[in-house]
Each structure stands twice: as structure tokens, then as C-alpha cells.
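Enquirer: coordinates only, no sequence provided:
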Ligand SMILES: O=C(O)C(=O)C[C@]1(C(=O)O)C=C[C@@H](O)C=C1
């Protein structure tokens with residue numbers, strides 16, 4: 001039988017999961033306790049349990065994700081990761097977990113001003129963006145006349161809009177819905193049901209077919225037996 005990384009994980013007794021810890025509701029690292037929580041943390045724990053091993057979290061960051069993946073610092077990356085063809089070239093993706101797309105989030109008072117890319121991409125508009133992920137790629141492709149403000153802290157970035165230091169951000173629809181709930185009456189998701197583009201969240205796996213097949217089968221069973229829905233509802237509804 002061919003050796004596989006899945007065998008190594010079982011032998012090692014740990015699954016190394018790469019996570020940024022800065023993207024609720026998918027993953028959040030509490031600085032004081034050094035504990036992760038979020039949808040993909042519950043999913044990672046369920047995956048570890050399914051394999052029969054402990055989960056070891058390896059912190060990464062969006063601008064470092066590709067380098068850390070290539071350095072084999074973890075077996076799988078989880079935490080709101082979108083499928084991209086650049087990433088697909090380096091590893092394998094699980095079956096998609098959910099559908100996403102970029103959509104604006106702005107101060108509620110300005111919600112009607114930023115519905116289309118043409119309305120957004122005007123001189124004087126300040127589009128804030130976290131670096132390194134698909135948000136930055138989307139902003140660079142579509143924002144030519146408005147100002148792009150690169151902001152490094154993905155946890156406090158929404159407060160910048162609330163304070164008026166930026167006008168809007170374009171990010172995943174699920175995040176705009178979540179942040180709207182965290183900033184009631186202040187920040188509004190603009191049209192989360194009609195995002196500008198299409199993307200899917202999935203788990204990014206080192207090139208090992210046995211591990212990918214395991215993750216896919218686990219996801220399939222979790223979908224059918226309702227355990228996926230339970231975790232999903234706790235974080236997204
Ligand atoms: O790069 C990705 O896959 C992501 O979806 C991560 C990403 C991003 O696009 O920058 C998505 C939303 C969060 O605000 C932070 C990171």
C-alpha cells in the first residue's frame with residue numbers, strides 16, 4: 001500500500017491545522033487565552049475526532065498563508081479560506097463548504113451610496129481592505145479611481161468604517177452579515193444576497209489524496225447526518 005499523509009497523521013496522533021484566527025465567524029484567536037473559536041474551529045475539532053487524533057493549531061496570516069502552506073507547516077488550512085486557482089495549483093481543496101462572494105459593508109447611513117462597483121469606484125471614496133487574501137485581489141481588480149486603504153488588522157478593520165476613517169469594505173457576504181450584527185444600526189451589509197462575484201469556502205489540503213478523500217467523505221456524512229447543519233447554525237444563523 002502507498003504511504004499517505006493520512007497514515008502519518010494517525011501515527012503522529014495530531015492533525016496540524018493552519019488558521020489565521022482573525023476572521024469571525026470562521027476563526028478567532030483570543031490573545032489572552034490563546035484559544036481559537038469559530039465555525040471552522042468546531043469543524044476542525046470534529047474532523048480531528050473523526051480521524052481519531054488531536055488538533056494542533058498552527059497560526060498563520062493571510063499574507064503568509066501561501067508560504068506557510070508551501071513550507072508544509074500544517075496538513076490542512078481551515079478558517080474561511082476561499083478556493084482560488086493559485087491555491088489549487090499548490091494543493092487540494094475539499095468539496096466546498098459554502099458559497100460566498102464579495103459585497104460591500106458600509107455605515108448604515110451610506111448604505112444606498114455603494115450598491116454598484118461604479119458607485120463605489122469614484123474619487124473621494126475610501127475603500128478599506130485587509131492585505132493578502134481574496135479581498136485585496138478583488139479590490140485591486142475593481143477599484144481604480146477610489147482610494148484603496150490597506151489596513152493590517154482584520155479584527156479592528158470594521159471599526160475604521162464605523163469611526164468614519166474609511167467608507168466601506170468589500171468582503172465575503174457571510175462576514176458582512178456577521179459584522180452587521182456586531183455593529184447594530186452602525187454598519188450595514190449592502191446586498192449580501194447578490195454579491196459581485198462568486199467564491200466558495202473549502203479546506204485547503206496538502207497534496208495527499210487519502211487525506212482529501214477522508215475530508216470529503218467526513219463532510220458528506222456530516223451533511224447527511226445533520227452535524228454540519230448544527231455547527232453551521234450556531235455561527236451563521
Ligand atoms: O483569502 C481568502 O480566501 C479569504 O477569503 C480571506 C479574506 C480575504 O479575502 O482577505 C476574507 C475575508 C476576511 O475579511 C479576511 C480574509
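Expert: Right, received. Where do you want to start? Keep in mind it's a predicted model, so treat the numbers as computed, not measured. Numbering: from 1, shown residues only.

Enquirer: can you map out the helices along the protein?
Expert: With DSSP state H, the ranges of helices along the chain come out as 5-12, 39-51, 65-70, 85-90, 117-120, 134-142, 157-163, 173-182, 209-225, 227-236.

Enquirer: so which residues make contact with the fourth one?
Expert: Spelled out, it's helix 85-90. 66, 69, 70, 81, 93, 204 (CB atoms under 8 Å, 6 or more residues apart in numbering). (Glycine included, C-beta is placed from N, CA and C.)

Enquirer: so what pLDDT did the residue lying closest to the fifth one once chain neighbours are set aside get?
Expert: The reference is to residue 93. Once flanking residues are discounted, residue 93 sits nearest to residue 202: 4.4 Å by CB to CB, 6 or more residues apart in numbering. Residue 202 carries a pLDDT value of 98.

Enquirer: show me what the closest residue to residue 166 other than its chain neighbours is bridged to.
Expert: Spatial nearest neighbour of residue 166, chain neighbours left out: residue 128 (3.6 Å); criterion: CB to CB, 6+ apart. Beta bridges link residue 128 to residue 149, residue 169, judged by DSSP bridges.

Enquirer: now do the contacts for residue 202.
Expert: Residue 202 sits in contact with 81, 82, 83, 93, 94, 95, 96, 97, where contact means CB under 8 Å, 6+ apart.

Enquirer: now, of those, which are buried?
Expert: Buried residues within the contacts of residue 202, counting neighbours by 16 or more other CB atoms under 10 Å: 81, 82, 83, 93, 94, 97.

Enquirer: the ligand contacts on this structure?
Expert: Proximity of the chain to the ligand (CB under 6 Å from any ligand atom) is limited to residues 23, 62, 80-82, 130, 133-135, 154, 171-172, 175.

Enquirer: follow-up on the earlier one: and for the residue nearest to residue 166, the neighbour number?
Expert: Burial of residue 128 is recorded as 23 neighbouring residues (other CB atoms under 10 Å).

Enquirer: that one contacts residue 171, correct?
Expert: No: assessed by CB atoms under 8 Å, residue 128 is found out of contact with residue 171, at 9.8 Å.

Enquirer: ok, now which ones touch the residue of the chain found nearest the ligand?
Expert: With CB to the nearest ligand atom as the measure, residue 133 is the residue of the chain nearest to the ligand, at 2.3 Å. Listed by CB under 8 Å, 6+ apart, the contact partners of residue 133 are 62, 65, 82.

Enquirer: what is the burial count for the nearest residue to the first one once chain neighbours are set aside?
Expert: Pointing back at residue 62 there. Setting aside the residues directly before and after it, residue 62 is nearest to residue 132 in space (CB to CB, 6+ apart), at 3.4 Å. A count of nearby residues for residue 132, using other CB under 10 Å, gives 18.

Enquirer: same thing with residue 213?
Expert: Neighbour count for residue 213, taken as other CB under 10 Å: 15.

Enquirer: and the residue nearest the centre of the protein?
Expert: Closest to where the C-alpha atoms of the chain average out (CA atoms, centre = their mean) is residue 80, at 2.1 Å.

Enquirer: could you report the pLDDT at that residue?
Expert: Note for residue 80: predicted pLDDT of 98.

Enquirer: can you redo the contacts of residue 133 as a markdown table with distance to residue 35?
Expert: Shown next, in a markdown table, are the contacts of residue 133 (distance: CB to CB, whole Å):
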| residue | distance to residue 35 |
| --- | --- |
| 62 | 21 |
| 65 | 21 |
| 82 | 25 |
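
Enquirer: still on that earlier bit, reformat the helices of the chain as CSV; add mean pLDDT.
Expert: Converted to CSV, the helices of the chain look like this (pLDDT from 0 to 100):
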stretch, mean pLDDT
helix 5-12, 97
helix 39-51, 98
helix 65-70, 98
helix 85-90, 98
helix 117-120, 98
helix 134-142, 98
helix 157-163, 98
helix 173-182, 97
helix 209-225, 98
helix 227-236, 97
